[in-house]
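# Just need the structure, nothing else, for what follows:
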Amino acid sequence: MADHNEIVKKHKKFNGVSYPVLVPNAAGLKNALATGVVEEIAVFGAASDAFSLKNVNSNVEDSLKKLLEVTKIALENNIRVRGYVSVVVGCHYQGEVKPEVVAKVAEKLLEAGCYEVSLGDTIGVGTVKTVSRMLDTVLKSVPADKLAVHFHDTYGQALANVLVSIEKGIRAADSSVAGLGGCPYAKGATGNLATEDLLYFLKGNGFETGVDLDKVVETAKWFNSAAGYDKWSRVGAAISAKKGA
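Alright, predicted model coming up:
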């Protein structure tokens, strides 16, 4: 079998595209550094003790201490760090999550040197009201240009929540092709907001992203074929049907 590091080094990179590696702990960072090609990592915490214990076997406070150490070492090695906060609105195990805890975790990650912190509605329970309340609290201590949002579309609220975020000055939103993704510790949660749906929504509301929607749809088509899936976003399905007509 080919050496993993050699496979990574041969992977073609495109200018202007970031290739972050998800790093859960110091051991993960060590592996990332060993490749010699990682330029950015993503560290993730949570705003719920119950979720954090299930996910990384530490409560919020202890998990944060470990993340700060990983971030410090990464920065010392000239690696950019993006932070993530999970379950920022609600938690499958705990229920409602306090916005003040979300703000605290986001603040600590930025203070540690993360260039941006993504706020994740991991189980997709957020609504305009609850997301707005959470963001209002976080924005009291964290500037909008340092925040991103990460919505799962479990209850079909992701795009509405993106709009609320835009109205509050946030200009970064995570998504995935065909809405792929999910979390093994978030029972019932679907994948991320679909990139195709987000691109169509943003373009229709006057935002230029520089991303080719048709090519994203083609990527979803390729993935379905390669993986034996039949998973489509609403926009992807509509565009594919139109082209096939």
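# distance of residue 142 from residue 114?
As judged by C-beta to C-beta, to the nearest Å, residue 142 and residue 114 stand 11 Å apart. (Glycine included, C-beta is placed from N, CA and C.)
# For the two, indicate the residue with more neighbours.
With neighbours defined as other C-beta atoms under 10 Å, residue 142 and residue 114 compare such that residue 114 has more, 25 against 19.
# thinking the more buried one is in contact with residue 82, fair?
Yes. Using C-beta atoms under 8 Å, residue 114 is in contact with residue 82, at 6.0 Å.
# between the two, what contacts are shared?
residue 43 (C-beta atoms under 8 Å, 6 or more residues apart in numbering).
# For the chain, which segments count as helices?
4-10, 26-35, 49-56, 60-76, 99-112, 128-138, 158-167, 195-204, 213-227, 234-244 (DSSP state H).
# mind putting those in JSON lines, mean neighbour count and mean pLDDT included?
Shown next, in JSON lines, are the helices of the chain (neighbours: other C-beta atoms under 10 Å; pLDDT from 0 to 100):
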{"stretch": "helix 4-10", "mean neighbour count": "11", "mean pLDDT": "54"}
{"stretch": "helix 26-35", "mean neighbour count": "15", "mean pLDDT": "93"}
{"stretch": "helix 49-56", "mean neighbour count": "20", "mean pLDDT": "86"}
{"stretch": "helix 60-76", "mean neighbour count": "18", "mean pLDDT": "93"}
{"stretch": "helix 99-112", "mean neighbour count": "20", "mean pLDDT": "96"}
{"stretch": "helix 128-138", "mean neighbour count": "19", "mean pLDDT": "98"}
{"stretch": "helix 158-167", "mean neighbour count": "20", "mean pLDDT": "98"}
{"stretch": "helix 195-204", "mean neighbour count": "20", "mean pLDDT": "97"}
{"stretch": "helix 213-227", "mean neighbour count": "15", "mean pLDDT": "95"}
{"stretch": "helix 234-244", "mean neighbour count": "15", "mean pLDDT": "91"}
